[in-house]
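> Can you look at this prediction? I've put the sequence above it.
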Amino acid sequence: MGLVGFGLVVRDRHGEVLASAAQHLLHDSSPIMGEAMALRWSMQLAVQMGFRRVLFETDCLQLFQRWKKPPDDRSYLASIIVDSFMLSRFFYYVDLSFVRRGGNSVADYLAGNASSYSDMVWLEEVPAEVIDLVHADVMASMPTFA
């Protein structure tokens with residue numbers, strides 16, 4: 001068994017933080033399995049927090065591709081993705097986009113340090129040590145003009 005960490009940051013369209021969270025659990029899984037579990041967990045939290053228009057981001061291209069073309073097998077991975085599709089019905093708008101790891105550093109940091117945060121949720125904030133990462137992620141996602 002290995003430790004799997006999940007990280008989440010919720011922002012509005014201006015980049016302001018609405019919530020952040022971290023969770024960890026013992027699970028023997030592949031990287032894509034961990035990413036799928038993190039997506040399902042993120043959707044569950046978004047539903048619980050009352051968000052109804054959401055855009056989830058992943059830096060896992062394989063998960064992004066499986067989301068766009070739903071699995072038709074009976075694997076455990078497929079069941080987690082199907083669970084996420086079921087959760088997506090709670091939203092008025094939902095989508096999943098692929099972002100490079102450099103544009104997802106807050107969630108990556110929270111996931112990597114999830115065992116230190118002991119399943120925490122922060123409303124309208126992030127842990128103090130990731131504030132600079134929040135600003136860097138917002139700047140990385142801003143359009144550039146020549």
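Received the coordinates, thanks. Just so it is clear, the structure is predicted and the values come from calculations on it, not from any experiment.
> pLDDT value on residue 53, please?
In this model, residue 53 is scored at 93, pLDDT.
> same question, residue 1
The model reports residue 1 with a pLDDT of 65.
> residues in contact with the helix or strand bottoming out on mean pLDDT in the chain?
Lowest mean confidence among the helices and strands of the chain (mean pLDDT, DSSP states H and E): helix 131-141, at a mean of 79. Residues from elsewhere that reach helix 131-141, judged by Cβ atoms under 8 Å, 6 or more residues apart in numbering: 9, 11, 15, 17, 99, 102-106, 109, 126. For the C-beta atoms, the positions are set from N, CA and C on the backbone; glycine is no exception.
> what does stretch 107-117 give?
3, 5-9, 20-24, 38, 57, 59, 101, 126-127, 130, 133.
> Can I get it in CSV, CA atoms only?
Output of stretch 107-117 as CSV, limited to C-alpha atoms (Å, rounded to 0.1, in the frame of the first residue of the first chain):
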residue,chain,number,x,y,z
ALA,A,107,-3.1,21.6,-6.4
ASP,A,108,0.2,19.7,-7.0
TYR,A,109,1.7,21.1,-3.9
LEU,A,110,-1.3,20.3,-1.7
ALA,A,111,-1.5,16.7,-3.1
GLY,A,112,2.2,16.2,-2.4
ASN,A,113,1.9,17.4,1.1
ALA,A,114,-1.6,16.0,1.9
SER,A,115,-0.4,13.9,4.7
SER,A,116,0.8,17.0,6.5
TYR,A,117,-2.6,18.7,6.3
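> Thanks a lot, catch you later.
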